[in-house]
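Chemist: Here's my sequence, what's the structure:
(one chain, ligands or ions: 2)
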Amino acid sequence: MIKLTGKGASLGMAEGAVCFYRKEKEVLDEQTNHVASEEEKKLADALEKVRSVLEGEREIAEKEIGKEEADVFMIHRMMLDDADFLSAMQERVAEGYSAAYAADSAAKALAEVLIATGDAYMKERASDLLEVGERLVYALIGKEKHFVATDATEVILCAEDLAPGETLHLDKSKISGFVLSRGSMQSHTAILARSMGIPALVGVGEVLFSLAEGERVLLDADRGELISCPSEGVCRQFRQKKEESEKEKSLWEKARGKELITKDGHRIEVYGNIGAAEEVSGVVANDGDGVGLFRSEFLYLGRLTAPSEEEQFAAYRTALEKGKGKRVVIRTLDIGADKKVPYFGLMEEENPALGLRGIRLCLQRPLLFRTQLRALLRASVFGKLAILLPMITSVDEVRRVKAMLFEESEALKEKGVPIAESFELGIMIETPAAALLSDALAKEVDFFSVGTNDLTQYTLALDRENDSLESFFNPHHEAVLRLIAMASESAHRYGNWIGICGELASDHALTARFLDMQIDELSVAPSMILPLKAHILSLCEEKTLTGCLPK
Ligand code: PEP
Ligand code: MG
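Modeler: Numbers count the residues shown, from 1 in each chain. Ligands and ions are numbered 1, 2, ... in the order given. Purely as a prediction, here's the structure:
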C-alpha cells in the first residue's frame, strides 16, 4: 500500500481508476519580426472569441451547477479585459512579437507579480490569469482544448492542475474524484469541485505521476489521502468509513436553516470568512447567516497600484448585494506584518508584527484610508454593512476613525451621493490592550470581532509566522480565553454583540465554552459552517449552558 498526501479541497471519499489528464506545452515563436498591425488584429479577434466562449461556459455552469458558481467565468472575462493585462499584451505586440507570444508572456509576467506576494489567495488569482492567457493562446494558434475522453466509469482524474473551464467540460457522470499535484484550496477548480460535490485532493506533488494509468485507488479527501495498491482489509475499512462519513454529512445537512438557540435562550449565528466579494456566494450556499470577516486587504495585494475608489466600491457593493440582506462585515485594510504591499513603499521593520500594520498604517496614510472609507460608505446602501477596524489598541484610534467617517459621510451627502442611514462599526479584539479596554471601547462601537490568531500571538508573545514555535502556539491558553470572556462581558454590558472570526471559531473543542461566554456569532471558512452548526445544534439539544464566565 502506498499513501500519497495532500489537502482535501472538496471533502468526501471515492474509489476508482486513475486517469491522467496531461496538457501539452505549446512552443511559441519568440521572434520580434511580426507586423504589429496584423498581430493587433489577431489579438482583438482572439479576445472577442474567448469572451464569447467564456460567456457560453458561464451559461452552461449556471444551468448545471448554479448561478453563483458560474461567476468564475465572469471573473475570467473580467481578467481578459483587465487594463494591466491588455496594455502588457499590446506593448509586446508593438515590439514585434506575435500575438500568441504576447498573450502568453504578458499573462506569465503578471502572474509572477501575484505569486511574488507570497499570498495563497493571490497565487490562485495567478492561476486564473494563466488560464485566461492559455485560452487566448489556444484561440490564436487555432487549437481546441480537448477534454478528457475515457471509457472507464468511476475515474479518479489526476492532473497537474485543472482550469475551471476544463473542470466544467468533464463528464461528471464518470468522475468520482479529482487529484491535483498542484492547486490549492482557494482555487476556482476547488470551488467548482465543492459545488459539484466531487471529492478533490490538491497539492499532492510530483509523486502523483508515479501512479499507473488505470490502477485502482482510494481517495479520502477528508483525511487528505490517496491510497494506491490497498490490501483487501484496507478497502473494507475504507468502504465502512465512507458509509459512516456519508451519514455524518447528512447530519450536517439537517442543521441547514435551523436557528441555534441554547436551552437558556442564548442565540448564536454562524457566519463565513471570505477574501473576495464573489466568495459571499459560498457563504450563502453553505447556509451562513452572514459574512463575519471580509479581509479587504486582498483587494490591495498582488498589484502595482492601490485599487481605486471605484474598484473598491464595486467589490463592496457586490459583496453586499450577494449577501442578500444578511450582515456583511468588511474589515478595513489590514496591511503590514505578513501582508506586504510593495507599492506602499514601507520601511523594512525589525519586528513587522509589532510594526506599522492595520489601523496604524491607515491613520498614518489618511488619503489611502479615506478612499476606502468613501467606497464603503457609498456601498452601504446596497446591503447590511458592518465596518470592522483591525489592530485597535486604544479608544483614541477608534475616535479618529469615527471623525474621518463622519467627515466623509458629510462630504458625500453634500454631493448628493446616497449613503445608508445607519451601518454598524466594530473593532477587532486581537490585541490584549483591546480586550483589557473592552469596556471603554464598547461605548464607542456596535460590535466586537475577536481575531484569535493575533490575540494568541500578542497575548503569548509568540510570532504566529514562526514555524519553530508551533508547539508553543496554544490558542486554548487560559489567558487567551479569559481575554475573550472579558470582551464578551463588556460587549453585552453596553448592548453590543460579539463574534469570533479567528481560526479558533471553528475549533469544536471550544464551542461549548464560547456558548457559555455568550458569544453571539462564530465566523469560519464557508465549508466549516454546516459542520459547526450541526455541532452547536447537538450542544443546544444536549446541554443547558451555564452562561457563566471562566473563573
Ligand atoms: C485574527 O487575527 O484572528 C484574524 C482573523 O485576522 P488575520 O488572521 O487576518 O490577521
Ligand atoms: Mg488579525
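
Chemist: So Ile268 versus Cys540, what's the distance?
Modeler: Ile268 sits at a distance of 9 Å from Cys540 (criterion: Cβ to Cβ, to the nearest Å). Every residue, glycine included, has its C-beta placed from N, CA and C.

Chemist: Looking at these two, which is more packed in?
Modeler: Taking neighbours as other Cβ atoms under 10 Å, Ile268 and Cys540 compare with Ile268 leading, 24 against 21.

Chemist: give me every residue that touches the more buried one.
Modeler: The contact partners of Ile268, taken as Cβ atoms under 8 Å, 6 or more residues apart in numbering, are 260-262, 514-515, 519-522, 536.

Chemist: at 6 Å what do you get?
Modeler: By Cβ atoms under 6 Å, 6 or more residues apart in numbering, Ile268 lies in contact with Leu260.

Chemist: Need the residues touching each of Ile268 and Cys540.
Modeler: Residues touching both Ile268 and Cys540 by Cβ under 6 Å, 6+ apart: Leu260.

Chemist: Near ligand 1, which residues of the stretch 301-450 of the chain are found?
Modeler: Neighbours of ligand 1 within the stretch 301-450 of the chain, by Cβ under 6 Å from any ligand atom: 334, 430.

Chemist: switch the cut-off to 8 Å
Modeler: Within reach of ligand 1 by Cβ under 8 Å from any ligand atom, the stretch 301-450 of the chain has these residues: 331, 334, 337, 339, 390, 428, 430, 449-450.

Chemist: Three-state assignment for Val217, please.
Modeler: At Val217, secondary structure determined by DSSP: H, G, I helix; E, B strand; the rest coil is strand.

Chemist: What degree of burial does it show, as a neighbour count?
Modeler: Residues lying near Val217 (other Cβ under 10 Å) number 22.

Chemist: Same question for Gly203.
Modeler: Neighbours of Gly203 under the rule other Cβ under 10 Å: 17.

Chemist: With Glu297 instead?
Modeler: Close neighbours of Glu297, defined as other Cβ under 10 Å, add up to 21.

Chemist: ok, it touching Ile335?
Modeler: Yes. Contact criterion Cβ atoms under 6 Å: Glu297 and Ile335 qualify, at 5.3 Å.

Chemist: how about the residue nearest to Leu530 when sequence neighbours are not counted, phi and psi?
Modeler: Of all residues not flanking Leu530 in the chain, Trp252 sits nearest, at 4.2 Å (Cβ to Cβ, 6 or more residues apart in numbering). When quoted as degrees, to the nearest 10, the phi and psi of Trp252 stand at phi -60, psi -40.

Chemist: Ile387 now?
Modeler: Dihedral angles of Ile387 (phi, psi; degrees, to the nearest 10) stand at phi -100, psi 130.

Chemist: Shouldn't Met391 be within a strand?
Modeler: No. According to three-state DSSP, Met391 belongs to no strand; its state is coil.

Chemist: distance of it from Val417?
Modeler: To Val417, Met391 is 29 Å away according to Cβ to Cβ.

Chemist: the more surrounded of the two?
Modeler: Remark: of Met391 and Val417, Met391 carries more neighbours, 24 against 13, as counted by other Cβ under 10 Å.

Chemist: Count the neighbours of the nearest residue to the more buried one once chain neighbours are set aside for me.
Modeler: Nearest residue to Met391, sequence neighbours excluded (Cβ to Cβ, 6+ apart): Gly358, at 2.8 Å. Using other Cβ under 10 Å, Gly358 has 27 neighbouring residues.

Chemist: wait, what's in contact with Gly358?
Modeler: 334, 390-391.

Chemist: wait, isn't Met528 in contact with Ser506?
Modeler: Yes. Shown here, Met528 and Ser506 form a contact pair, counting by Cβ under 6 Å, at 4.5 Å.

Chemist: Go through stretch 364-373 and flag the buried ones.
Modeler: For stretch 364-373, burial by neighbour count (16 or more other Cβ atoms under 10 Å) applies to 365, 369-373.

Chemist: how close does the residue nearest to Met391 get to ligand 2?
Modeler: Distance of Gly358 to ligand 2, given as Cβ to the ion, to the nearest Å: 8 Å.

Chemist: Check Arg135 too.
Modeler: Distance, Arg135 to ligand 2, by Cβ to the ion: 37 Å.

Chemist: cool, and Gly355?
Modeler: Look at Gly355 and ligand 2: by Cβ to the ion, they are 14 Å apart.

Chemist: and the closest residue to that residue other than its chain neighbours, how many residues sit next to it?
Modeler: Sequence neighbours aside, Glu349 is the residue nearest to Gly355 in space, at 4.0 Å (criterion: Cβ to Cβ, 6+ apart). Applying other Cβ under 10 Å, we find 13 other residues in the vicinity of Glu349.

Chemist: What pLDDT is listed against Glu349?
Modeler: Glu349 carries a pLDDT score of 89 in this model.

Chemist: ditto for Pro531
Modeler: The model reports Pro531 with a pLDDT of 94.

Chemist: likewise the one 10 residues further on?
Modeler: We have a pLDDT of 81 for Glu541.

Chemist: Following the chain onward from the one helix or strand Glu407 maps to, which element is next?
Modeler: Counting by DSSP states H and E, the element that carries Glu407 is helix 395-414. The first helix or strand that comes after helix 395-414 along the chain, using DSSP H and E, is strand 424-429.

Chemist: how about the helices of the stretch 301-450 of the chain, start to end?
Modeler: Using DSSP state H, counting those that start in this stretch, the helices of the stretch 301-450 of the chain run over 309-322, 359-364, 366-379, 395-414, 432-436, 438-442.

Chemist: can I get those in JSON lines with distance to Leu86?
Modeler: Formatted as JSON lines, the helices of the stretch 301-450 of the chain follow (distance: least, Cβ to Cβ, whole Å):
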{"stretch": "helix 309-322", "distance to Leu86": "16"}
{"stretch": "helix 359-364", "distance to Leu86": "31"}
{"stretch": "helix 366-379", "distance to Leu86": "24"}
{"stretch": "helix 395-414", "distance to Leu86": "32"}
{"stretch": "helix 432-436", "distance to Leu86": "44"}
{"stretch": "helix 438-442", "distance to Leu86": "46"}
